[in-house]
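Asks: okay, predicted coordinates and the sequence, questions at the end:
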Amino acid sequence: MGSVTAIEATWDQLLKYVGVAAAIAVVIVVAFFIRLSLRRGLKPRVEPHVYAVIEKVVVYGVVALGVMASLSPLGIDLTGLLVAGGIAGIVIGLASQTVFSNLISGVFLYIDRPLQIGDPVSVGDVSGQVIDISILSTKIRSWDGYIVRVPNDKVFQSAIMNYGRAVARRVVYSIGISYGSDVGRAREAILKVMEGHPFVLKEPPPEVFVNEFADSAIVLTARCWTPSQVWFPTKAALLEVIKEELKKHGVEIPFPQLDLHVKEDVKVLVRG
Amino acid sequence: MRYVKPGSKLRVGVVEVVRDKGLLTIKDPYSRLEYLVSDDLEVSLLPVPPIHVPLKLSKYLYIKIRNPVIVGKDLDLWVKVPYELAVVVNKELVGVVTPFKVKHILHGNVVDGLVCRYYESKAYSGEPGDVGIEALAKVRVVTNGKPVVLKYVIVPAENLIFYEVRGRYYYEVLRSRRTPVGFFADLTRLPPVEEGVEVARPNPLSSMHVFRGYLTTVRWASWAP
């Protein structure tokens, strides 16, 4: 009789093990299908580095939860494990707050897409071209050629100027001419240079106007638009040619000047 | 197609071509090409879409019509248009120069707009006789029964086909239609004149992609007045 009970107990135990094994197999199959659907549905729409993280978190999360749930018929108490896991989670969470913040910012950067690889940008006090956006940081090659790694939470919180999003950019100069020079001739000379340049756009048209009567000069503001890709070389080239053209038109660019008015006669001793 | 024979000089608009004592020199306001070329090689100049010089910034050509035309029913107009010259040595593309001064224009706003190569022309009701060095384009204006005021037309010029008749270049027939963002032309692949012979297209030209990078150095200054 006793041996029959023992056999039944062993049989029950065996069934439980088989059930658990089957449940784990089902969990693995489910995880496999989730991964398959993620690859079909999400992978084409997401950056590869972002997708890799999402896939790992989802698939391993499903497997871990499924395995824990499957083990319960065997009487394995996971409460202690969960409590320990919770405490460990808090400790790890506090320690990795910055990492987590960067990770979340990386996800938001992906959703918001204020930057793309190749964009010329200014992020905070860093300016250059974006060369990589990873889940934790963004790498920018500064205009000096340095690679600057900016944590994603800094990128997310900073004011971002993306110069590549607009198809055209404006070039602005302040040009001081002497009070004795003809403003009309100066305007004509500057407009001639800007209108002659192949990259200065015809529309919106370039413009030149008097902006200020300063201490030593009449300050003209000259503005024109160029395609974004050639903004810098156009800006650099124009100014040099404007100076030459002003000279040709007899327009003087003055040095700082100061007129002194003496109220009383002053004797000045001159030694020969 | 124009051939540059040994010992010859050629001037097309602002392009100067000299082939002398084995040296081929080609100049336009934006570049200067110099090659040592032996006399047995064939040097030719082929018309290509006017979007490559000084830098390929756009695929589009914007033709401003100086005398705006009010069109009721569908109508054919003629305009004078620019081209660039591909320098080809024994079927090998060695450079592109422009016989015309280059300007660009922004169509639309600065964020979503379109940068286009710019050119101005009068519109003619028939094929004009006094063309000079410009090419000609026949524009079929499609109105769909609603009168339109045609002040400009934007041509997607990258794959434009050229035809040649007695040394004069022609664009393929352009079919202009009004879209929500302006007047755009479709390429029809039709010759504008019956006796038009299609000009061969130098192959590597199609690999000249629109410039997407950002220049940070000054590469030319010869445009200066």
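Replies: Thanks, I have the structure now. As the structure is a prediction and not an experimental result, all values here were calculated from the model.
Asks: when you work out contacts or count neighbours from here on, use the C-alpha atoms and nothing else.
Replies: Will do.
Asks: give me the pLDDT value at the closest residue to B:A185 other than its chain neighbours.
Replies: Excluding the flanking residues, the one nearest B:A185 by CA to CA, 6 or more residues apart in numbering or on different chains is B:S176, at 4.1 Å. pLDDT for B:S176: 94.
Asks: contact partners for B:S176?
Replies: B:139-142, B:153, B:183-186 (CA atoms under 8 Å, 6 or more residues apart in numbering or on different chains).
Asks: first-to-last residue distance for stretch B:66-76?
Replies: 17 Å (CA to CA, to the nearest Å).
Asks: top strand in chain B by residue count?
Replies: For chain B, the strand with the greatest residue count under DSSP state E is strand B:60-71.
Asks: low-confidence ranges, chain A, go.
Replies: For chain A, applying pLDDT under 70 flags the ranges A:1-3, A:47, A:49-50, A:77-82, A:93-96, A:272.
Asks: hang on, isn't A:I131 packed against A:G118?
Replies: Yes. Assessed by CA atoms under 8 Å, A:I131 is found in contact with A:G118 at 6.0 Å.
Asks: quick one: B:L36 from A:S178, how far?
Replies: Distance of B:L36 to A:S178, computed by CA to CA: 51 Å.
Asks: also A:G164?
Replies: Distance of A:G164 to A:S178, computed by CA to CA: 37 Å.
Asks: equivalent analysis for A:A64, please.
Replies: From A:A64 over to A:S178 the distance is 78 Å, taken as CA to CA.
Asks: show the contacting residues for the closest residue to B:R168 other than its chain neighbours.
Replies: Spatial nearest neighbour of B:R168, excluding adjacent residues (CA to CA, 6+ apart): B:A135 at 6.6 Å. Contact analysis of B:A135 by CA under 8 Å, 6+ apart lists B:80-83, B:168-171.
Asks: and which of those is nearest to B:I161?
Replies: B:Y171 (6.1 Å; CA to CA).
Asks: before we move on, back to that, quick one, which of B:L36 and A:S178 is more surrounded?
Replies: Neighbour totals were compared for B:L36 and A:S178, and A:S178 leads with 19 against 12 (other CA atoms under 10 Å in any protein chain shown).
Asks: ok, the more buried one touching A:A217?
Replies: Yes. Counting by CA under 8 Å, A:A217 is a contact partner of A:S178 at 4.9 Å.
Asks: need the residues touching each of those two.
Replies: In contact with both A:S178 and A:A217: A:253-254, using CA under 8 Å, 6+ apart.
Asks: what's the burial count for whichever residue of the stretch 51-200 of chain A sits closest to chain B?
Replies: The minimum distance from the stretch 51-200 of chain A to chain B, using CA to the nearest CA, falls at A:A166 (4.2 Å). Neighbour count of A:A166, defined by other CA under 10 Å: 15.
Asks: nearest residue to the middle of chain A?
Replies: The residue lying closest to the centre of chain A (CA atoms, centre = their mean) is A:L115, at 4.3 Å.
Asks: backbone phi and psi for the residue nearest to B:R168, please?
Replies: When quoted as degrees, to the nearest 10, the phi and psi of B:A135 stand at phi -90, psi 170.
Asks: also B:I105?
Replies: Main-chain dihedrals, B:I105, degrees, to the nearest 10: phi -140, psi 150.
Asks: can you get me a residue count around it?
Replies: As a burial measure, B:I105 scores 25 neighbours (other CA under 10 Å).
Asks: likewise for A:G250?
Replies: The tally of other residues near A:G250 (other CA under 10 Å) stands at 14.
Asks: what do you get for the one 3 residues further on?
Replies: By the criterion of other CA under 10 Å, A:I253 has 18 neighbours.
Asks: for it, helix, strand, or coil?
Replies: Following DSSP: H, G, I helix; E, B strand; the rest coil, the label given to A:I253 is coil.
Asks: quick one: contacts for B:L41?
Replies: B:89-90.
Asks: so where does B:V149 fall, helix or strand?
Replies: strand B:148-156 (DSSP states H and E).
Asks: correct me, but B:T98 touches B:L55?
Replies: No. If you go by CA under 8 Å, B:T98 and B:L55 don't touch, sitting 11.2 Å apart.
Asks: quick one: which of these two has more around it?
Replies: A count of neighbours by other CA under 10 Å puts B:T98 above the other of B:T98 and B:L55, at 27 against 14.
Asks: return the residues in contact with the nearest residue to that one once chain neighbours are set aside.
Replies: Spatial nearest neighbour of B:T98, chain neighbours left out: B:E84 (4.5 Å); criterion: CA to CA, 6+ apart. Shown in contact with B:E84 (CA under 8 Å, 6+ apart): B:47-53, B:96-100.
Asks: list the buried ones in the longest strand of chain B?
Replies: Buried residues in strand B:60-71, counted by 16 or more other CA atoms under 10 Å in any protein chain shown: B:60-65, B:69, B:71.
Asks: what is that strand packed up against?
Replies: strand B:114-121, strand B:123-124, strand B:148-156 (3 or more CA pairs under 8 Å, 6 or more residues apart in numbering or on different chains; DSSP states H and E).
Asks: for chain B, what are the nearby residues on chain A?
Replies: A:118, A:120, A:165-169, A:192-193, A:196-204, A:227-234, A:236-237, A:241 (CA under 8 Å from any CA of the partner chain).
Asks: try 7 Å this time
Replies: Of all the residues in chain A, those in contact range of chain B (CA under 7 Å from any CA of the partner chain) are A:165-168, A:193, A:196-204, A:227, A:229-230, A:232-233, A:237, A:241.
Asks: from those, which ones fall inside strands?
Replies: Among the residues of chain A next to chain B, the ones falling in strands (DSSP E) are A:168, A:227.
Asks: and the spatially most central residue of chain B, how far from B:P29?
Replies: With distances taken as CA atoms, centre = their mean, the residue of chain B nearest its centroid is B:Y83 (2.4 Å). Per CA to CA, B:Y83 is found 15 Å from B:P29.
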